[in-house]
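Asks: Next one to model:
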Amino acid sequence: MLRVVRVFEPATGLIRVMPDAARAAEDELRRAAASVPGAEPGFVLGDPAEELTGESEISDLIVLGSVDYGPPGRVTPGEVGDRLLHRAACPALIVPNGGEAPLSGLFGACGKVLTGLAA
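Replies: Numbering: from 1, shown residues only. Down below sits the predicted model:
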């Protein structure tokens, strides 16, 4: 089973905007998961590194995107990726930014995979 997870970290002081932003993030997650047959979406509110560390306890592999800056194809862990690399209970893989391959093409039938998308 492939579980695609989006962790939404609400910004402090922006309570009026949060419901719309959270709804947009959840819609984006559902579209991404729908593009991969058999994928299960999981939407979580909280600190991305903490929530994904908890999810790592029930996963075989965590796949996380590299930060959005830097040269295309470069793997640069951000704060969340760095924390996960040190704390995850399962292997963690950080993929390069700028990739166009769909998740199903990257992992095929490798079992349960957790993809963290941090807001």
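Asks: Under the pLDDT cut-off, which ranges of the protein? List them.
Replies: Applying pLDDT under 70 to the chain flags the ranges 13-17, 70-73, 98-119.
Asks: Give me the longest helix you can find in it.
Replies: Counting residues, the longest helix found in the chain (DSSP state H) is helix 18-34.
Asks: Tell me, how many residues neighbour Glu79?
Replies: Number of residues near Glu79 (other Cβ atoms under 10 Å) recorded here: 11. Using the backbone N, CA and C atoms, a C-beta is placed for each residue, glycine as well.
Asks: if I look at it, how far off is Arg6?
Replies: 17 Å (Cβ to Cβ, to the nearest Å).
Asks: same check, this time on Arg74
Replies: According to Cβ to Cβ, Arg74 and Arg6 sit 23 Å apart.
Asks: Arg30 now?
Replies: Arg30 is 9 Å from Arg6, by Cβ to Cβ.
Asks: The two: which has the busier surroundings?
Replies: Remark: of Arg30 and Arg6, Arg6 carries more neighbours, 25 against 14, as counted by other Cβ under 10 Å.
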